[in-house]
Each structure stands twice: as C-alpha cells, then as structure tokens.
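Colleague: With the sequence up front, the predicted model follows.
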Amino acid sequence: MKQIYRSLFLFTLILTAWTAMPTLLAQPTPAMYRGKFVRKEIRRTIIKPTFICTLTKGASPFVAFEFWEQHEITYFEVNIYQAMQEVVREKNADGLDVVKDFAPIPGQFIKDNDEIPRQEIQIKGLLANEKFSILGKEYVTDNKGRIYDLGQSILDLFDTMDTRSFELAISHATLGEQVITLTRNLISRQNPVIPGNNAASQYDILEAFGLNFTQQMQCGRDGLKVKVTTYGEITAGKRVAIVVDVTNSDSKPVSNLIARSFSRHQELNGKLFYFGLVTANQPVQSRRHLTLPPGVDGTSPFYKAFAGLSRHPWRKDQLFYVWLPVTDRPARFVRYVTIPTAVNAGQPLHLSIAFWDIIGAIPEKRQDLSLTIPAK
C-alpha cells in the first residue's frame, strides 16, 4: 500500500512540474539597457612596420638621409557601458506599476558593435644596413642608419634654377614607400633651421648644409674675392675637384652668394655652387668633382691640395674625396660627370664660373678655367 501512495506522489509531482514548465519558459528575459560609459576595450590590433626618412646635416656637400623604423599601429576599440535594468519603485492600489526607474545590473556590461579605429606611431630605432631605392638606384644605410648622396644626385635635381622643390620617393622592399619634399630656397626670410631627428614632410637642402640664405638688408660686394682651382688627375675616367674659394674683406656681408659653371660640354655646364651669407674674413669653400671621358689618358698625379694633405692614388672604380681645410663653415660640392669621348689628349676643356649675390650678377668676378688632357 505504501508503495502505491509513493508512486502516486511522484507522479503528481512530475505532472505538476511538467505543466508549470511552459509558464516558466514563457517568462520574458528582462531587458537590458545601456548605462554610463565605463571603458574602452581593444577588440583587435593591426601592426604595420614602415619607416621614416629625415634629412639631416651630413658631411657637406653631401646630402644625408637618416632612416628610422616605425610601427603604424591601428587599434580597433569598442565602448563598454554599464548594463541597466528596469525596476519598479512604486505601485498603485490595483497593483499596477506607476513609478519605474533604472538600476545597474552588477557584473553585467554592454559592448558596442561599432569598432572605433585609433592609430599610434611607435619609433623603434635606426635602420642600419638596410637597402633602400632612391631615384632608381639602390643604397644601403651605414651603421648609423644613414645614406649619403655621394654622387650628388639630389643636387643634380636642383641644378636647374626653375626647380624649387622636388617630391622624392624612397622605397624599401618590405617597409613600403615614403615621399618627402625637398626644397632649395635661395632667398629666405628666416634664419636657417638645421634638420634634426624630427620627422617632417619638407626639408631644404641648403639648410641641411648649414648655409644661411637669409636676405640681408645691409650688404656689399666690394670686399669679395674669389679663387677657382682644380685638383685631381686629368685623365680619362678620373674625377677632378673644382674648388671655389670665397673671402670677404669688407665689413658688410655678401648676401645670398651662388656660383654657376658654364661650358659647351653638357656634363660640365650648369653646376651650382652654394655659399649664402659670407661675412667679413670668413673663407667659404665649395668643391665639385668632374669625371673626365673614357678613352682619354694622362699621367698627371693627384697632389696634395694644401699643406699637410697627403698624396693619394686614383682608381677608376673608387670614389675619392679630398677634404680641404678651411676656416669656419665650408660649403663643398662634388660632382661626377663624363666628358664626351670626342675630347682628345692635348685638347683643352673650357669652363667658366660666374657669381651672383642678392644684388645681381657679379661679372667682374667670373673665373675661366682650361683643363687640358696631358698627352701620353
């Protein structure tokens, strides 16, 4: 008998639970509402390794580029809000809700579906011994992350007076490409700012050389003296340094001084020499290198330029530079050009150097040169 009562009790309990289940399942989930902002949460991150290139003050007259690795980091963030629920604060006599309010749900939060991108730039360090492409040529950075324009390709771009700026694209095999704007401002209205490690989108090459092309209100040219000399073996395939010495013995400075080469040989013509401000008793020196044509030979050795500068041999496949001692800040320019193969031994190569300052041309200071290929 007891067994029958126990079975009936269990059956009744199961039936009651079964009939109550639809009612429980039918109860709606309490709605959650977005409350106050709590924080941001990073959902995903994209890291893009790139580089930056800055123009820095190098060994004049060589433009120096400095390369830094950087990471462009993009964070995709979502906003997190406190989850709120509706609560009844007061009911009337009939049991109807008359006053409702919202209260936070402890431990519950609501995330936005919309991602908000945020970018960050991180400088990682200098890019040493990395290969970059500039003007169609490949260069490798040194241990300090620098590339020196020893061939003066950048100066070649500005040998045309009409060229005041140039968009220079620099690329890396894996780090992408960067475009910087190079300018050449021959008349400045502010003191030069020497480039440093700060990244910028525009650089002036004359400021990189440390030259002052600020226009001077009181200037003169009465004390200006110039001297043009050449150093190097006058032989086919060799480089000849054209050195322009400029001094000013007057109390008034010479302002915005430049020089330009003229020759019927295209490779020697139109080479610009930059000096800028030349104050009293301040020698300024500018040097350009020229390459004589293949097929022409000679035996003239390379001698020391000044006292204390030793003699050095030349090689066709070797870049060679002579540092000429000067007082104060020098401006030196080295060029590598090829004279036409039609030039024979004993035939002179005529070259003139003319000068301009802020006032205009200085015809009386023109210097004429004659480079003769020695006969065998």
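Modeller: Arrived safely. Residues are numbered from 1 along each chain as shown.
Colleague: Which stretches in the stretch 101-250 of the chain count as helices?
Modeller: Assigned by DSSP state H, counting those that start in this stretch, the helices in the stretch 101-250 of the chain fall at 153-157, 205-208.
Colleague: May I see the ones you listed arranged in a markdown table, with mean pLDDT and distance to Ser352 as well?
Modeller: C-beta coordinates here come from the backbone N, C-alpha and C atoms, glycine included. Converted to a markdown table, these look like this (pLDDT from 0 to 100; distance: least, Cβ to Cβ, whole Å):
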| stretch | mean pLDDT | distance to Ser352 |
| --- | --- | --- |
| helix 153-157 | 87 | 19 |
| helix 205-208 | 86 | 23 |
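Colleague: For Val343, which of these is the nearest?
Modeller: Nearest to Val343 among the helices of the stretch 101-250 of the chain is helix 153-157; the distance by Cβ to Cβ comes to 21.4 Å.
Colleague: Turn the helices of the stretch 101-250 of the chain into CSV, columns for distance to Pro104.
Modeller: Shown next, in CSV, are those (distance: least, Cβ to Cβ, whole Å):
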stretch, distance to Pro104
helix 153-157, 64
helix 205-208, 60
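Colleague: show me where the stretch 101-250 of the chain has strands.
Modeller: With DSSP state E, counting those that start in this stretch, the ranges of strands along the stretch 101-250 of the chain come out as 116-126, 131-134, 137-140, 146-148, 165-172, 176-183, 202-204, 224-231, 239-248.
Colleague: With distance to Ile258 added, can I get those strands in TSV?
Modeller: As requested, the strands of the stretch 101-250 of the chain are exported to TSV (distance: least, Cβ to Cβ, whole Å):
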stretch	distance to Ile258
strand 116-126	34
strand 131-134	25
strand 137-140	27
strand 146-148	23
strand 165-172	17
strand 176-183	15
strand 202-204	15
strand 224-231	12
strand 239-248	10
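Colleague: Can you say which of those strands is packed in most?
Modeller: Counting by mean count of other Cβ atoms under 10 Å, strand 239-248 has the highest mean neighbour count of these, with a mean of 23.
Colleague: can you pull the buried residues of the helix or strand following it?
Modeller: Once the chain leaves strand 239-248, the next helix or strand it forms, by DSSP states H and E, is strand 254-262. Buried residues in strand 254-262, counted by 16 or more other Cβ atoms under 10 Å: Val254, Ser255, Asn256, Leu257, Ile258, Ala259, Arg260, Ser261.
Colleague: Between the residues you listed, which sits nearest Trp356?
Modeller: Minimum distance to Trp356 across the buried residues of strand 254-262 is 5.5 Å, recorded for Ile258 (Cβ to Cβ).
Colleague: got a list of what the closest one touches?
Modeller: Listed by Cβ atoms under 8 Å, 6 or more residues apart in numbering, the contact set of Ile258 reads Leu186, Leu272, Phe273, Tyr274, Phe275, Phe355, Trp356, Asp357.
Colleague: before we move on, the earlier item: max pairwise distance over the buried residues of strand 254-262: which two?
Modeller: Spatial extent of those (Cβ to Cβ) is set by the pair Ser255 and Ser261 at 21.5 Å.
Colleague: hmm, back to that, any chance of the strands of the stretch 101-250 of the chain in CSV, plus mean pLDDT and distance to Ile154?
Modeller: Output for these, formatted as CSV (pLDDT from 0 to 100; distance: least, Cβ to Cβ, whole Å):
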stretch, mean pLDDT, distance to Ile154
strand 116-126, 92, 21
strand 131-134, 95, 9
strand 137-140, 94, 12
strand 146-148, 92, 10
strand 165-172, 94, 8
strand 176-183, 92, 7
strand 202-204, 85, 10
strand 224-231, 84, 23
strand 239-248, 82, 18
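Colleague: of all those strands, which lies closest to Lys48?
Modeller: Smallest distance to Lys48 across these (Cβ to Cβ): 8.1 Å, for strand 176-183.
Colleague: List the strands paired with the closest one, with their directions.
Modeller: With DSSP bridges as the test, strand 176-183 is paired with strand 165-172 (antiparallel), strand 202-204 (parallel).
Colleague: Give me the contacts around that strand.
Modeller: Contact partners of strand 176-183, identified using Cβ under 8 Å, 6+ apart, comprise 50-53, 55, 154, 157-158, 164-171, 200-205.
Colleague: for Arg73, helix, strand, or coil?
Modeller: Just to correct that, residue 73 is Ile rather than Arg. Here Ile73 is recorded as strand under DSSP: H, G, I helix; E, B strand; the rest coil.
Colleague: quick one on the thing from earlier: ok, which of the strands paired with strand 176-183 comes nearest Lys111?
Modeller: Across the strands paired with strand 176-183, closest to Lys111 is strand 165-172 (Cβ to Cβ), at 38.5 Å.
Colleague: For Glu130, which non-adjacent residue is closest in space?
Modeller: Excluding its sequence neighbours, the residue lying closest to Glu130 (Cβ to Cβ, 6 or more residues apart in numbering) is Thr141, at 5.1 Å.
Colleague: May I see the domains of this structure written out as residue ranges?
Modeller: 40-80+104-214, 224-372 (automatic domain parsing).
Colleague: Out of the ones you listed, which one sits most buried?
Modeller: Most buried of the domains of the chain by mean neighbour count (mean count of other Cβ under 10 Å) is domain 224-372; its value is a mean of 18.
Colleague: what about it, how long is it end to end?
Modeller: 29 Å (Cα to Cα, to the nearest Å).
Colleague: okay, and for this structure, where does confidence drop off?
Modeller: Applying pLDDT under 70 to the chain picks out residues 1-29, 58-61, 89-99, 189-201, 236-237, 281-342, 376.
Colleague: Give me the phi and psi angles of Ile52.
Modeller: Reported as degrees, to the nearest 10, the phi and psi values for Ile52 are phi -120, psi 150.
Colleague: swap that for Lys40, sorry
Modeller: Per-residue torsions, Lys40: phi -110, psi 150 (degrees, to the nearest 10).
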